[in-house]
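# Sharing a sequence plus its predicted fold:
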Number of protein chains: 2
Amino acid sequence: MSQSFAIAVVGATGTVGETLVQLLEEREFPVSDLHLLAGRDSQGHSLPFRGKNLRVRAIEDFDFSQVRLVFFAAEASITLEYAPRARAAGCSLIDLSGALPLEQAPRVVPEANADVLDTLSTPYQLASPSAAATALAVVLAPLRSLLTLRRVNVTACLAVSAQGHEGVTELARQTTELLNMRPLEPRFFDRQIAFNLLAQVGVPDDSGHAHSEIRLAAETRQVLGDSGLKVSATCIQAPVFFGDSLSVSLELESVVDLVAVREALEGATGVELVDAGDYPTVVGDAVGQDAVYVGRLRSGLTDDAELNLWIASDNARKGSALNAVQLGELLIKHYL
Amino acid sequence: MSQSFAIAVVGATGTVGETLVQLLEEREFPVSDLHLLAGRDSQGHSLPFRGKNLRVRAIEDFDFSQVRLVFFAAEASITLEYAPRARAAGCSLIDLSGALPLEQAPRVVPEANADVLDTLSTPYQLASPSAAATALAVVLAPLRSLLTLRRVNVTACLAVSAQGHEGVTELARQTTELLNMRPLEPRFFDRQIAFNLLAQVGVPDDSGHAHSEIRLAAETRQVLGDSGLKVSATCIQAPVFFGDSLSVSLELESVVDLVAVREALEGATGVELVDAGDYPTVVGDAVGQDAVYVGRLRSGLTDDAELNLWIASDNARKGSALNAVQLGELLIKHYL
């Protein structure tokens, strides 16, 4: 990694983009030149990087041939518009928006399917999965040699920060209004999110599935390399600022060996296994941390071929920015 | 129901006990004499009933032969101590605490298994299931003739009011402290509940299952009359004051007919089905209502023999007090 690269971050002013820029600095990513890009609305913003304030520039005017690698951390529509331009200019790109189809931009979690990179060629185009899918993959990948999955049931309780700064502001505002006994008029979410749980994240399609759920299921299958895996996914919006919590029930081909599962998770990269009896939460454990936390390991109440667990993960770090930066590190070390 | 009965409510000062007394009045329960009972700690309290303030009396001194029917809405230890005395005095009793074994006090939800009462004899001893099990049974019972369940996966997000007044006070206190940027020292829950999700409710046993989960699974099987049903249950503590939210995924013997499911739920007693595209929440829909709300009906993403749904229910009303009062009405009308 002695070589340095010119890099662009698209969507630098969002919650994930900001974290990404922080991580590029913290992890000493070999950046020679960092270009921060956003739509014209975000012009005038700047972000600190290596002791300087970098101005955010308009993506509309950017010449992608100046950089070798681009992170797309903006909205899906921005990715769809500018990813083809970046590729045409010879850039490799890592998408965090979920906009690109799985066949064109394979989802990669280094702990689970880094070998996918061997099958691609330059300019590389890959994607970081949704935060929930990434957390799930980090925990399930080290168990693949131990158990055969028949079905994954997951209820993912997502933080409002998955909706960006506006989601965070709205939860704080609603909570303050309610505690001051003032009438509530929801602005950002379609109803009260404070002290409530919303049954869906995003608008469902005609079959009733939300995009967040379709994405979680499809990405889990792709990252685990199990295209036939049954995944039942429900994504709900929790009144939590940061961090995703996943309630997971796995159906297995055979009886689960909990001791072996604990051993595998204790030795797994990127996983922090919490002691039996204790349990992790987003606020107390996962937020601000690189690791995905897992606890409440238990077999089924009446089914020994069932494994239940609870996952807490920082949706902006490992769930998005950190995983993307790790993909960038892999690309630079072995492929670019 | 022209006859009136002397009745006692044990645990009258708790969240459920208070709601129960309200419902006895609202529903014109045929009470000739109402005795409110609690431990000595709660002496001096009183509750309004039919325009009077009824004093709460010490259960230690109560002569159960004065009453015909007793509701046990207190802690489990109180039920275990006083239920045998009440029965010995010839009282029928309805337990809301979950303390009595399922074989001795069958769980009954009128919409699902009222016929169990035919198999009992006086003095009757029955129990209202946990709030989550009651809500689940109200929704699943009308579907039994349509579909054969292979497995029920449920993640129940429980309100802090399930822990009584202290749970409610603590969520409000923690939230206020955090919004005022003051350091947080959890008092009632074992850690921060505000803007967080706790992975378990109560202390798990050696196998990792919490009592709330064991109870939810066992009561679901009993109320649905399906002793072999596989139930995977996770109960989590949500930062929500009132109302339980359940994310449910059902595995079925055969392909689900969503139109028939919708029709069955639209016609079902005690169920409020929310339109496709919309969804119910505890704050906006369920709290304060008698009905159990259900929405987000959808088959599996890749499995047509899967049915997913979302349930929102008032844990103090239909989940506890209302179901118990309905059981009392059934007993009085047909059995006592």
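Here it is on my side, so go on.

# Give me every residue in the stretch 51-200 of chain A lying close to chain B.
Where proximity means CB under 8 Å from any CB of the partner chain, the interface of the stretch 51-200 of chain A facing chain B comprises A:151, A:153, A:155, A:157, A:171-172, A:175-176, A:179, A:191-192, A:195-200. Glycine gets a C-beta too; all of them are placed from N, C-alpha and C.

# Kindly state the domain boundaries assigned to chain A.
Domain assignment for chain A by automatic domain parsing gives A:5-129+A:320-334, A:134-315.

# measure residue A:190 to residue B:240 for me?
With distances taken as CB to CB, to the nearest Å, residue A:190 is found 17 Å from residue B:240.

# Next up, the contacts around the closest residue in space to residue A:237 that isn't next to it in sequence.
When the adjacent residues along the chain are set aside, residue A:237 lies closest to residue A:198, with 3.8 Å between them (CB to CB, 6 or more residues apart in numbering or on different chains). Under the criterion of CB atoms under 8 Å, 6 or more residues apart in numbering or on different chains, the neighbours of residue A:198 are A:189, A:190, A:191, A:236, A:237, B:279, B:281.

# mind checking pLDDT for the first one?
As summarised for this prediction, residue A:189 has a pLDDT of 95.

# Show the subsequent helix or strand relative to the helix or strand where residue A:212 lies.
Secondary-structure assignment from DSSP states H and E places residue A:212 in helix A:211-224. Taking DSSP H and E as the definition, the helix or strand that follows helix A:211-224 towards the C-terminus is strand A:230-237.

# Show me which residues of that next one are buried.
A:230, A:231, A:232, A:233, A:234, A:235, A:236, A:237 (16 or more other CB atoms under 10 Å in any protein chain shown).

# So the fifth one is in contact with residue B:249, correct?
Translated: residue A:234. Yes - using CB atoms under 8 Å, residue A:234 makes contact with residue B:249 at a distance of 7.2 Å.

# list residues touching both of these two?
The overlap between the contact sets of residue A:234 and residue B:249 (CB under 8 Å, 6+ apart) consists of residue B:308.

# In terms of helix, strand or coil, where does the closest residue to chain B within the stretch 1-150 of chain A fall?
Taking CB to the nearest CB as the measure, the point where the stretch 1-150 of chain A comes nearest chain B is residue A:150, at 10.4 Å. Three-state secondary structure (criterion: DSSP: H, G, I helix; E, B strand; the rest coil) places residue A:150 in strand.

# out of the domains of chain A, nearest to residue B:253?
The minimum distance between residue B:253 and the domains of chain A falls on domain A:134-315, with 15.2 Å, by CB to CB.

# before we move on, the earlier item: out of the residues of the stretch 51-200 of chain A next to chain B, which are buried?
Members of those that pass the buried threshold by neighbour count (16+ other CB under 10 Å) are listed as A:151, A:153, A:155, A:157, A:171-172, A:175, A:192, A:195-200.

# Among the residues you listed, which lie within helices?
The members of those that map onto helices under DSSP state H are A:171, A:172, A:175.

# For the second one, list the residues it contacts.
For residue A:172, the contacting residues are A:241, B:179, by CB under 8 Å, 6+ apart.

# about what we covered before: just give me the closest of the buried ones among the residues of the stretch 51-200 of chain A next to chain B to residue A:274.
Proximity of these to residue A:274 (CB to CB) peaks at residue A:157, which lies at 17.3 Å.

# beta partners for the closest one?
When bridges are assigned using DSSP bridges, the partners listed for residue A:157 are residue A:236, residue A:245.

# Verify the contact between it and residue A:244 for me.
Yes - using CB under 8 Å, residue A:157 is in contact with residue A:244, at 6.8 Å.

# mind listing the helices for the stretch 1-150 of chain A?
Using DSSP state H, counting those that start in this stretch, the helices of the stretch 1-150 of chain A run over A:15-26, A:76-88, A:110-113, A:131-140.

# Deepest-packed of these, please.
Ranked by mean neighbour count, these are led by helix A:131-140 with a mean of 29 (mean count of other CB atoms under 10 Å in any protein chain shown).

# got the contact list for it?
For helix A:131-140, the surrounding residues in contact (CB under 8 Å, 6+ apart) are A:107, A:109, A:111-113, A:128-129, A:149, A:152, A:154, A:156, A:158, A:162, A:212, A:215-216, A:219-220, A:223-224, A:235, A:244, A:246, A:248, A:250, A:265, A:268, A:270-271, A:292, A:294, A:309, A:311, A:313, A:315-316, A:318-320, A:323.

# swap the cut-off to 6 Å and go again
The set of residues that contact helix A:131-140 without belonging to it, under CB atoms under 6 Å, 6 or more residues apart in numbering or on different chains, is A:109, A:111-112, A:156, A:216, A:219-220, A:223, A:244, A:270, A:292, A:294, A:311, A:313, A:315, A:319-320, A:323.

# can you pull the pLDDT of the closest residue to residue A:142 other than its chain neighbours?
Sequence neighbours aside, residue A:268 is the residue nearest to residue A:142 in space, at 3.7 Å (criterion: CB to CB, 6+ apart). Confidence per residue is given as pLDDT, and for residue A:268 that number is 98.

# Likewise for residue A:183?
Residue A:183 carries a pLDDT score of 89 in this model.

# how much space between it and residue B:265?
Distance check for residue A:183 against residue B:265: by CB to CB, it reads 33 Å.

# And the two? Which one has more around it.
A side-by-side neighbour count of residue A:183 and residue B:265, using other CB atoms under 10 Å in any protein chain shown, places residue B:265 first with 20 against 6.

# Now the more buried one: which helix or strand?
Residue B:265 belongs to helix B:258-266 when assigned by DSSP H and E.

# and that helix, what other elements does it pack with?
strand B:271-273 (3 or more CB pairs under 6 Å, 6 or more residues apart in numbering or on different chains; DSSP states H and E).

# elements contacting the next helix or strand after the strand it packs on?
On the C-terminal side of strand B:271-273, the nearest following helix or strand under DSSP H and E is strand B:292-299. Packed against strand B:292-299, as judged by 3+ CB pairs under 6 Å, 6+ apart, are the following elements: helix B:131-140, strand B:271-273, strand B:306-313.
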